[in-house]
Structure formats: structure tokens, C-alpha cells
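> Provided below for reference: sequence and predicted model.
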Amino acid sequence: MHSDTLLQVDLAPVATTIVQPRKAFWDLELGSLWEYRELLYFLVWRDIKVKYKQTALGVAWAVLQPLMATLIFSIFFGRLARIPSDGVPYPVFVYAALVPWQFFTNALTESSNSLVASQNLIKKVYFPRLVIPLGSVLAGLVDFCFAFLVLIGMLFYYGITPTASILLFPVFLLLAVCTALAGGLWLSALNVQFRDVRYIIPFLTQFWLFATPVVYPSSLVPARWRVWFGLNPMAGVVDGFRYALLGRAAKPGPMIWVSAGAVAVLLLGGLLYFRKMESTFADVV
Amino acid sequence: MSKRYRLGTSSSYKTLRESLPGLLSGAVRRVRSSGTKPGSFWALRNVSFDVQHGDVIGVIGRNGAGKSTLLKILSRITWPTEGRASIHGRVGSLLEVGTGFHPELTGRENIYLNGAIMGMRKVEIAAKFDEIVAFSEVEKFIDTPVKHYSSGMHVRLAFAIAAHLEPEILIVDEVLAVGDLAFQQKCLGKMSEVSRGGRTILFVSHNMAVVEKLCERAIVLDQGSIEYSGETSEAIHHYLNSMLAASNPDGHVFDLSGATNRQSNVGKLLKRIELYTDDDLPILEGIRIGTGLKVKIFFDLPKPTRSFDMGLGFDSMFGQRIFTAHSLFEPARPNGELVGAQVFVCDIPSFTLTPGTYNMRVWLDINHAEADLINQAARVTVLESDYYGTGKAPWNGALVLKHNWYVEQPAKVER
């Protein structure tokens, strides 16, 4: 063997990282998110695994919460106040809205607190901080699935057969996830600096509930305002869910486009804001 | 073909208000004036250095000197305000073991979670799983939630995961100070194994014996700047001296004019004692085992004399005499008549007492009669060092003597 070959070293390509102050503000570094997909997976897995530990009812909570709300709303708003429900039995009308709504509020609350809750990680290890709120939102989908199974049971019970519009269901689910993520990005980053956020969230979700057509149909809103009503993305999500699953419910119309636009703006803004604040998380949290 | 790191012109925190809790509150005291906005400080200022591929670099300095900030920037936890670091290769940091452990999850689940947090791939963790468990010595409890673990088990599992990371660059911050003595030795062994494997390591520790053992080079940080960068033992010396230099610049001088433990027959002849290393550097904090010690004794000879002698006794803190140096043992004794102010130097080429503080008794005989004597005239502290070259500092007994151990060949043993 020639002596030169002894000196040959297998040089695997090595990534070079530059650590420096300010990156371009439009660079969202979503590529690093892909690189850390396994961490995202494990964080989601951890949240799911831990969520119902040491609870007596366990995952039944995922179903009980929207069911109890449905019961109460059906009695007060359906029976006593006689709020119209677009020709669908009131309980299934409100439950179909509560499933995405509960997902949204849980995901929003969890993701808003996620950065603060993971502060020991943030101060010790590097990874794209985005995986933390994103993981909290995705973990909420498991509860959503259980609640959704009950919804399917209710559809059978009330003899509602979905139409072809059910094909649009994934789109509306995506819209719900994006809305929760957008809110979560803004609030989690703000929460790092201002712990007030934690106290604002309960009020926020309460008011938001009534600004969203959960207990009432959006047809109650005067037609000329209905398009602007869509600026609340959850209005679009709820109407979309009813349209996709209940078949007989009214078609959402241009309102859904307004909601989609609002989510896009909110989400992009959230990503930019989150990215801008990211560099201070470890110092401030 | 080398991997190169460069920390550019300067890196530091931006306006960090004192009201902000946590991260660097300990260092807030050390506010630097240059280019500082009110209420902010530079945790690091104009720090710049290169590390070659395969180097093992120690980072030492007092609390708040900026060590952790430096490591945090290099491990991308925080951003520099100015300048840049360019890092070639994957960085793994052991800033604090057990980060991200979830108490409700089992040991097995936490290995996967923690590994992922540290940047390991799932397949990588699965491949090393058995090794990690064996190293941690918690096999029996691997399916028990870690909230039921003892703190020792917790730490062992955490370190085991961290130790099996295989990044090109490993950043280690004081993690060896965990577990019992046996486990610490195991960790130390793992660290030197890793460093021999051609990995680049940045190592922060207050344990000088370990730094000396593991690192070829070291960087001394002081108030956010590099005070010294170079060979490890030299760096350690700088560090130890800087420890006391700020608060006690004359720590090596013992003025004897007001000494209370004096038994004098002739007068206050002994004036002052100064302590230096064999390189003539003042001993402020102490000297490391095996370093040369020079004791300079300043005294007066009232009348011209040809015959005087001096003794120097080293006593332990319990009053036990450990060693006596006497000018009678010096073959080339001073010759000729002397009078007035004199300096007598006792030069001990290798001072090998066990780490600890020793009191010095000094006495002067003139014409074979005791003229002046002071008990506890000065103090010297011996600090741990890697005297044996094994990274293990002696801790017991009074003396540190070079010695060897070997197994005698069985053939030679008489039956």
C-alpha cells in the first residue's frame, strides 16, 4: 500500500453554521423545522402521553368537554331561547361547531403557554423554537379525533348523511389548525415578555366564542355584514364544518374566503413576529 | 482540511436590563463602561479565537467571567450582539444534563425524548439504547417513571444519554460534577475517550485537575474578555492568580512588623515574607502541587556577622509539622560578613504537599543563638493539580510523592 493512502481521511460533508446577530427578517428558516421534524414528533408524542396521566377518566375528557357544553347549550339556547339551527337538530348543530371550537381554544391556550412552560429547554438547548408552539397545536389534534368520532356517532343517530361537500372537510380542518397556530405564535411570543397573556386568554376565548357562530347560525348575522363577519377566521371554520358535515347546512359563500385571507395574514405576521422575537427568548424568558 | 471556528470581533448581550431575572444576574455587577447603554453590560467583549479540528479546549474563569455566555452562543441558544461564530459541524452541548426530562415518562421514554432534544435521530438513539442503559446503571428501573428515580439515578441516566451523543463538536459545561465519586471517574473516562476519538471539545470546569488532564489548551476569560489563551498549565496559573489579584493584589506579601506570635531575644529582626513561584510570579491564590516555591525572607542584621541561620517550618492547619527547611542543610552557605537589611531566599524546586493551607514558622539564629522567631508568620495554600498525570488529584495524607504501581510477573514470584 502506498503511504499516501494511509493519510486519506474520509471527509463527510460537514455543515457550516454561522452564528451571528441579525438575520433577514423575511427568512423564516422553515428548512430547519424540517431538519428537526423528529424532535417535533417527540414533543407531540410527549404531550399526548402525559396529558391524561393520573386522571381517573383519562382520554374521556376529550369527549366529555364538548358533550357537556353541547348539553348545556342545547338546553339554554336550543330549548329555552329557541335559537334557529338551519333546520338541523340543535344538539348536532352545536356539537359540530364545538368540536373545532374546543380544539381551537385548547390548542390556543396550550401553545400560548408552551414557550414559558419549556423555558428550561429554551435556555439549555438549541432547536428551532417554532417546534414548541407547533407541537402543542398538533398534540391537540388527538383530542379532536376522539371528539370527532362522537360527532360521527351523532350524525348516525340523527340520520344525517353527509353530501359530497364532506370532501372539503380537510380544508376546514387545516384552516382551524392554522388559526390556532397563528394565534399561538403571537401569544406565545408575547407571553415570553408579558406574562399578562396567561390571564388574557380565558377572557379572549370567552368573547371569541360569542363572536363565532357556535351557538347560533351565521344566517342570523345580517347579510351585508356577513362577509366582514368572516374576518374572524373561526367563523369561517365553524361554518365550513357545518357545511362539510351536516350537508343540509347553508353554503358559507364569500365569507370563507375572507376567513382564509385573515388566517393567512395572521399566520404570516405571527411567523415573522415569532422569528423576530426568537433570539431574545433564552435571555428574557 | 481543518475545521475552523472563528468568533468574530465581539459578541455580547444586547441591552439586558437588570430587572430581567435569571440568565446572567450574577454577572450584572460587572458592568463595563465602554460602549454600554445604561442598564446593560457586555457579558463578552471582543472575544476572538480559533479552535482547530480535534482540539480539546478548556474554558476557565471566575463566576460571571462570561464562560457560560460564550458556550451559549456557540451552542446557538443565544445570539451574539456583534460579530459572528462560524462552526463547522454538528454541535452537541452538555450544558445541563437531564434537560427536558419529563417526570411522568419512564426512563425508556425519556431516553428517546431527551436524545431527540439533544439532536439525535431516532434510529441513532435506538442503536445506542442498550449502551446508554448499561452506562447509566438503571437497567432495572428503565420502565419506571423517572419521578420515582433517586436524584443519583436521574443524573446518571441523563449523563449517559449526553455521553452517547456523537457530534463533531462537544460543548461541556461543568457536567462532571454529578453523581458519586465512582460515577464521576466513569464520566471522566468517557470524556477522555471522546477526546481521543478526534472530537473537538470545549470544556468548562472549575476543577483544575480535570481541565489539566483533558485539555491541551485553555482560554482564561475575565470580565468578558480573553485574559490568556494558550497552554493549559500556564492558563491555569493565570486563572488562579487572577482569582485574588482583583481583591488582594498583595496576597503574596506578609508584613511581619505587627506579628503577634513573635518570640524575640534580640529585637524585631524579621521584617517581611514574600512568596513566589519558581517563575518569580507572586503567589496570590496558592500554588499547584509540584510547582516550585520561593520564600523570600526580609530581615535585619543589627551587627556585622558571619554566622546566621534561618529555619522555615511548614505546619498543617492542625498544628502538625509537615516539613522543616533549614539553611543548615544548604551546602553552599553564605560566606563573609553581612550587616543591615538582607533578603534570604528559601527555594524549594518542587513543593509537593497535599492540597490544603499550611502555616509557616520562621526563625533566625545569630551566632547559634535564637534571635527572632515568629509562629504563623505566613501562609501558603497548595492547590490541586494533575501532578500524577492522571487527572486525579491527591486528597489525603500529608505528602504527594511520585510513585508507581505494577504487577510483578508471576514467574518471578517465589512459591
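Right, received. Where do you want to start?

> ok, the closest residue to A:Thr163 other than its chain neighbours to B:Glu109 distance?
Distance criterion Cβ to Cβ, 6 or more residues apart in numbering or on different chains; nearest residue to A:Thr163, sequence neighbours excluded, is A:Gly247 at 4.3 Å. C-beta coordinates here come from the backbone N, C-alpha and C atoms, glycine included. From A:Gly247 across to B:Glu109, the span is 43 Å (Cβ to Cβ, to the nearest Å).

> looking at those two, which is more packed in?
The residue with more neighbours, out of A:Gly247 and B:Glu109, is B:Glu109; 21 against 16, by other Cβ atoms under 10 Å in any protein chain shown.

> from B:Lys67, how far out is that one?
Here the criterion is Cβ to Cβ. By it, B:Glu109 lies 33 Å from B:Lys67.

> do B:Gly230 as well
From B:Gly230 to B:Lys67 the distance is 17 Å (Cβ to Cβ).

> check contacts around the residue positioned nearest the centre of chain B.
A centroid search over chain B (Cα atoms, centre = their mean) returns B:Met208, at 2.4 Å, as the residue closest to the centre. Neighbouring residues of B:Met208 by Cβ atoms under 8 Å, 6 or more residues apart in numbering or on different chains: B:Ile60, B:Ile236, B:Tyr239, B:Leu240, B:Arg288, B:Leu383, B:Glu384, B:Ser385, B:Asp386.

> report the contact partners of the third one.
The one in question is B:Tyr239. B:Ile60, B:Gly61, B:Arg62, B:Met208, B:Val220, B:Tyr228.

> for the residues you listed, work out which two are farthest apart.
For the contacts of B:Tyr239, the farthest-apart pair by Cβ to Cβ is B:Met208 and B:Tyr228; their separation is 14.1 Å.

> what residue ranges in the stretch 51-200 of chain A are flagged as low confidence?
Within the stretch 51-200 of chain A, no range satisfies pLDDT under 70.

> same deal with the stretch 101-250 of chain B?
When residues are selected by pLDDT under 70, those of the stretch 101-250 of chain B lie in B:174-181, B:243-250.

> near chain A, which residues of it?
B:102, B:104-105, B:109, B:112-113, B:116-119, B:121-122, B:168 (Cβ under 8 Å from any Cβ of the partner chain).

> TSV please, covering these and showing secondary structure.
Converted to TSV, these look like this (DSSP: H, G, I helix; E, B strand; the rest coil):
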residue	secondary structure
B:His102	coil
B:Glu104	coil
B:Leu105	coil
B:Glu109	helix
B:Tyr112	helix
B:Leu113	helix
B:Ala116	helix
B:Ile117	helix
B:Met118	coil
B:Gly119	coil
B:Arg121	coil
B:Lys122	helix
B:Glu168	coil
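
> out of those, who's nearest A:Leu71?
Ranked by distance to A:Leu71 (Cβ to Cβ), those are led by B:Glu104 at 31.4 Å.

> these two touch, right, the closest one and B:Lys147?
Yes. Shown here, B:Glu104 and B:Lys147 form a contact pair, counting by Cβ atoms under 8 Å, at 6.5 Å.

> which of the two has more neighbours?
Shown here are B:Glu104 and B:Lys147; by other Cβ under 10 Å, B:Glu104 has more neighbours (15 against 12).

> enumerate every residue touching that one.
Here B:Glu104 is in contact with A:Lys49, A:Val50, A:Lys53, A:Gln54, B:Pro145, B:Lys147 (Cβ under 8 Å, 6+ apart).

> can you flag which of those belong to helices?
Counting by DSSP state H, the contacts of B:Glu104 place A:Lys49, A:Val50 in helices.

> only the buried members of the contacts of B:Glu104: can you turn that into a PyMOL selection?
To isolate the buried members of these in PyMOL, using 16 or more other Cβ atoms under 10 Å in any protein chain shown:
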select buried, (chain A and resi 49) or (chain B and resi 145)
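
> in a markdown table, list the contacts of B:Glu104 along with distance to B:Gly292.
A markdown table is the format used below for the contacts of B:Glu104 (distance: Cβ to Cβ, whole Å):
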| residue | distance to B:Gly292 |
| --- | --- |
| A:Lys49 | 61 |
| A:Val50 | 60 |
| A:Lys53 | 62 |
| A:Gln54 | 64 |
| B:Pro145 | 56 |
| B:Lys147 | 54 |
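
> what is the nearest of the contacts of B:Glu104 to A:Val19?
A:Val50 (32.6 Å).

> where does the nearest residue in space to B:Gly286 that is not next to it in sequence land in three-state SS?
Of all residues not flanking B:Gly286 in the chain, B:Thr381 sits nearest, at 3.3 Å (Cβ to Cβ, 6+ apart). Judged by three-state DSSP, the three-state class of B:Thr381 is strand.

> if we can go back for a sec, more neighbours: which of B:Gly230 and B:Lys67?
Higher neighbour count among B:Gly230 and B:Lys67: B:Lys67, with 24 against 12, using other Cβ under 10 Å.

> you'd agree the more buried one is up against B:Ile57?
No. Applying Cβ under 8 Å as the test, B:Lys67 and B:Ile57 come out as separate, 11.7 Å apart.

> shared neighbours, these two?
By Cβ under 8 Å, 6+ apart, no residue touches both B:Lys67 and B:Ile57.

> picking that back up, tell me the contacts of the residue nearest to B:Gly286?
Going by Cβ under 8 Å, 6+ apart, B:Thr381 touches B:Glu285, B:Gly286, B:Ile287, B:Gly356, B:Thr357, B:Tyr358.

> chain neighbours aside, what residue packs nearest to the fourth one?
Counting by Cβ to Cβ, 6+ apart, the nearest residue to B:Gly356 once its immediate chain neighbours are dropped is B:Val382, at 6.0 Å.

> pLDDT score for the one you found?
Note for B:Val382: predicted pLDDT of 90.

> average pLDDT across stretch B:262-281?
Mean pLDDT, stretch B:262-281: 89.

> compute the first-to-last residue distance for that stretch.
End-to-end distance for stretch B:262-281: 28 Å, by Cα to Cα, to the nearest Å.
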